[in-house]
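In: Build the 3D model from these lines:
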Amino acid sequence: MFENRINQAKKLLKEFSADMLFINDPESIKYLTGLYFSLGRLFISGKSVELVVDGRYFSIAKKLNFLNVTLLEKDSFKKFIKKNDIKKIGFDSSFITYLDYENIKKSLEKEILVPINNPLQNLRLYKDKNEIALIKKSCEINWQGFLHISKLLKEGISEIELALEYEIFVKKHGAEKLSFDPIIAFGKNSAFPHHKTSNTKLKSSDNILIDIGVSYQGYASDMTRVVFLKEKNKTLEKYYEIIKEASFKAIELCRPNVKLKELDIAARIILKQNNIEHLFVHSLGHGVGLNVHEFPRIKFDNEDKDVLLKDGMVITIEPGLYDESIGGVRYENMILITQDSHEVLYPLSF
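Out: Prediction:
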């Protein structure tokens with residue numbers, strides 16, 4: 001599996017007009033090797049592939065039998081370039097810092113650096129059966145965590161307490177970590193899409209926005225639901241029903257060869273009909289994989305708007321409405337694009 005992914009990465013060299021790829025993004029290295037290193041370098045040329053790690057990871061990395069593994073040295077990069085007669089070096093311009101870029105430049109003689117924005121983007125976009133299984137398990141753990149904390153909702157509990165209960169539960173049930181800091185927002189706090197979970201205590205009149213995700217064997221999940229305690233705010237309750245309708249309209253279009261912008265347009269039509277589109281302040285969704293936020297981003301007017309849905313893509317659909325005077329609502333699901341349709345990875349009944 002990983003050998004095949006590396007072979008696919010080699011094929012990118014021609015597309016990028018490069019003799020080698022320099023990969024140092026830990027998630028991309030994990031995608032190509034199956035192992036995560038906080039410090040690692042992967043050199044890929046048409047002739048050879050070399051994984052360079054420091055002493056902490058060397059014995060683990062040596063178990064990989066489909067590539068060369070060497071200890072990180074000051075001149076590791078130079079040695080590989082000379083050995084493989086490299087002239088053009090492709091690097092991930094979305095990940096490498098300017099300082100790293102300058103240091104790489106200093107180590108070169110006549111070689112040319114070729115900036116590539118996220119070179120593995122299209123490889124990582126389409127998930128294989130193994131990745132899909134891991135993502136589904138990640139979603140399952142996440143959903144169980146949501147059901148668990150839903151039972152703990154009572155007046156007086158704080159956002160932070162609820163977030164902690166969630167984290168303990170999901171880690172006990174197989175999550176290796178959270179895919180992002182949970183957004184637990186009570187009442188008017190929910191009007192801020194990326195509210196920082198606080199010591200705010202729950203009141204009977206509050207709505208509760210819960211945006212959560214875990215990582216399972218490297219693969220992320222993401223979901224949002226809104227729960228009403230006792231005294232429902234009628235406007236927010238109505239808003240929640242409207243964004244659910246908008247979400248379902250977008251999900252209905254999820255099938256191969258549909259442009260991303262069509263999903264966003266479909267959701268916005270529902271919001272326009274209710275004269276509340278101005279309360280929708282972010283994109284409709286994003287890709288999910290090794291990172292919780294991956295290519296593409298779903299919006300009718302952004303650079304990814306004409307990307308076509310394809311079998312194996314995993315995206316979120318998450319319309320939201322935010323009014324600082326009363327609060328906000330968001331409804332988020334993860335969608336797997338299949339050969340001729342789609343699969344929603346969370347129950348839609350809640």
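In: is it true that Met223 touches Arg330?
Out: No - counting by C-beta atoms under 8 Å, Met223 sits too far from Arg330 to count as a contact (10.0 Å). C-beta here means a position set from N, CA and C on the backbone, and glycine is covered the same way.
In: Give me the common contacts of these two.
Out: Both Met223 and Arg330 are in contact with Asp211, where contact means C-beta atoms under 8 Å, 6 or more residues apart in numbering.
In: Pull the least confident helix or strand in the chain by mean pLDDT out as CSV, backbone CA atoms only.
Out: Ranked by mean pLDDT, DSSP states H and E, the weakest helix or strand in the chain is helix 98-107, scoring a mean of 90. Provided in CSV are the C-alpha atoms of helix 98-107 (Å, rounded to 0.1, in the frame of the first residue of the first chain):
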residue,chain,number,x,y,z
TYR,A,98,11.2,31.0,4.9
LEU,A,99,14.1,30.2,7.3
ASP,A,100,14.1,26.5,6.1
TYR,A,101,14.0,27.7,2.5
GLU,A,102,17.0,30.0,3.0
ASN,A,103,19.0,27.2,4.7
ILE,A,104,18.2,24.8,1.8
LYS,A,105,19.3,27.4,-0.7
LYS,A,106,22.6,27.9,1.1
SER,A,107,23.3,24.1,0.8
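In: Just after that helix, pick out the following helix or strand.
Out: strand 112-116 (DSSP states H and E).
In: Given that following strand, what are its sheet partners and their directions?
Out: Partners of strand 112-116 in the sheet, by DSSP bridges, are strand 88-92 (parallel).
In: Show me what counts as buried in the partner strand.
Out: By neighbour count on 16 or more other C-beta atoms under 10 Å, the buried set for strand 88-92 is 89-92.
In: Next, the angle from the least confident helix or strand of the chain to strand 112-116.
Out: Counting by axes from the mean of the first three to the mean of the last three C-alpha atoms, to 10 degrees, helix 98-107 lies at 150 degrees to strand 112-116.
In: how close does the most centrally placed residue in the chain sit to Lys249?
Out: Against the mean C-alpha coordinate of the chain, by C-alpha atoms, centre = their mean, the closest residue is Val292 at 2.2 Å. Distance, Val292 to Lys249, by C-beta to C-beta, to the nearest Å: 24 Å.
In: Strands along the stretch 151-300 of the chain, start to end?
Out: 177-178, 183-186, 207-212, 214-216, 219-220, 223-228, 285-287, 294-298 (DSSP state E, counting those that start in this stretch).
In: Reformat the ones you listed as TSV; add mean neighbour count and distance to Tyr98.
Out: TSV is the format used below for the strands of the stretch 151-300 of the chain (neighbours: other C-beta atoms under 10 Å; distance: least, C-beta to C-beta, whole Å):
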stretch	mean neighbour count	distance to Tyr98
strand 177-178	17	29
strand 183-186	26	31
strand 207-212	26	33
strand 214-216	26	29
strand 219-220	26	28
strand 223-228	20	35
strand 285-287	24	26
strand 294-298	21	22
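In: So which of those strands is nearest Arg41?
Out: strand 294-298 (22.0 Å; C-beta to C-beta).
In: List the contacts of the residue nearest to Val49 when sequence neighbours are not counted.
Out: Once flanking residues are discounted, Val49 sits nearest to Leu67: 4.3 Å by C-beta to C-beta, 6 or more residues apart in numbering. Neighbouring residues of Leu67 by C-beta under 8 Å, 6+ apart: 6, 33, 49-51.
In: Can you give me the distance of the residue nearest to Lys110 when sequence neighbours are not counted to Met20?
Out: Nearest residue to Lys110, sequence neighbours excluded (C-beta to C-beta, 6+ apart): Lys87, at 7.7 Å. According to C-beta to C-beta, Lys87 stands 9 Å off from Met20.
In: Output the below-cut-off pLDDT ranges for the stretch 201-350 of the chain.
Out: For the stretch 201-350 of the chain, no stretch has pLDDT under 70.
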